[in-house]
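In: Return a 3D structure for these sequence lines:
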Amino acid sequence: MNFRLRILIRTLIITSLLVLALVSLSVAQDTLPDVNALQLPALDQNPQRPVQDTPTLPIPEGNEPNQTTTGPANPFLPSQEPEGQLQPQQDQPVIQWKQLDLSQTFGFDPMIAGTVKYPANWAVNVDTWNKRVVFSEDQSGFTAFTAFLPVQGTLQDAQAYSQQISSWLHSSIPDLKIVNQDYRTDPSSSQTGMNLTKGNVVLQGTYQGKVFVFQLQATVLYIPVANFSYLSALLCQAPQEVFQEKLQTYFNPMFVSFNNLAQ
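Out: Residues are numbered from 1 along each chain as shown. Below is the predicted model of the structure:
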């Protein structure tokens, strides 16, 4: 009897546990969400890379009024803006030139021919005996251009003739010194049995308390078989403070005018 009672009690306990488990499972299913009810986003069959917003840089159109810079400009490139107020250029004086016919002035010498130009307001002094022409800016003669026209001599090169003229100047300017000198020989002249040399000398000295600059161009054509030469030279002079101005304005055109006579 006791044995059957024990089996009955165990069966009831197991049945009760099964019923309790089924009830708990049912309650748990009611609390879980319905998977089919969840709205998931549809998958894109053609995925693309995310697009990022790229800032658009403005295209420069010139110097903007509010434009600012944070770095230095290129020191090797010119600035597009003037550094200062532009000054109007002053009108350069117009130089009037006159012609001097050397053939008419020295008609008796076949070695002196041609026409040269000089400033119209300059004075002209013709020395037919020494075959020189002096063009002076004013009566003082401080700013002047002297042409030593061709003469015959025995000097063999331009350096010797330059030294002779320098010695003449040295007699009036004791502190005369050579600033620069250059002598050259024309190689083509040796083929004709002659020797053509040219020299360019710059000198400086003090006269009456003022520093003067002299530029001398000498030319010597020496004929060895005859032992004689033709000498010619051009000399310009001016006070040191105005020499470069006079050289560019007056002397250089006069040098060209006389040098063209030999062509």
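In: can you pull up the bridge partners for the closest residue to Gln240 other than its chain neighbours?
Out: When the adjacent residues along the chain are set aside, Gln240 lies closest to Val211, with 4.3 Å between them (CB to CB, 6 or more residues apart in numbering). The way it works is simple: take the backbone N, C-alpha and C, and place the C-beta from them, glycine included. Beta-bridge partners for Val211, by DSSP bridges, are Thr206.
In: OK, contacts around Val211?
Out: 204-205, 239-240 (CB atoms under 8 Å, 6 or more residues apart in numbering).
In: could you dump these to TSV with neighbour count, distance to Leu221 and pLDDT?
Out: Shown next, in TSV, are those (neighbours: other CB atoms under 10 Å; distance: CB to CB, whole Å; pLDDT from 0 to 100):
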residue	neighbour count	distance to Leu221	pLDDT
Gln204	17	29	97
Gly205	21	29	96
Pro239	14	33	96
Gln240	13	33	97
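In: just the residues you listed now: which is nearest Pro187?
Out: Nearest to Pro187 out of these is Gln204 (CB to CB; 31.7 Å).
In: Which helix or strand contains that closest one?
Out: Under the criterion DSSP states H and E, the helix or strand holding Gln204 is strand 195-207.
In: Repeat that for Ser172.
Out: Going by DSSP H and E, Ser172 is not part of any helix or strand.
In: Apart from its neighbours in sequence, what residue is nearest it?
Out: Closest residue to Ser172 apart from its sequence neighbours, by CB to CB, 6+ apart: Tyr207 at 6.7 Å.
In: Surely the one you found touches Ser171?
Out: No: at 11.5 Å, Tyr207 does not count as touching Ser171 under the criterion of CB atoms under 8 Å.
In: The two: which has the busier surroundings?
Out: Taking neighbours as other CB atoms under 10 Å, Tyr207 and Ser171 compare with Tyr207 leading, 16 against 8.
In: Tell me the spacing between that one and Asp175.
Out: 9 Å (CB to CB, to the nearest Å).
In: Now do the helix or strand containing Val124: which elements does it pack against?
Out: Here Val124 is covered by strand 123-127, with elements defined by DSSP H and E. Counting contacts by 3 or more CB pairs under 8 Å, 6 or more residues apart in numbering; DSSP states H and E, strand 123-127 is packed against strand 132-136.
In: Past the strand it packs on, which element shows up next along the chain?
Out: Remark: after strand 132-136, the chain's next helix or strand is strand 144-153, criterion DSSP H and E.
In: between that next one and strand 123-127, how big is the angle?
Out: An angle of 20 degrees separates the directions of strand 144-153 and strand 123-127 when computed by axes from the mean of the first three to the mean of the last three CA atoms, to 10 degrees.
In: ok now do Phe255, which residues does it touch?
Out: Applying CB under 8 Å, 6+ apart, one finds that Phe255 lies in contact with 217, 234, 236.
In: Run through the bridge partners of the first one.
Out: Listed beta-bridge partners, Gln217: Asn200, Leu234 (assigned using DSSP bridges).
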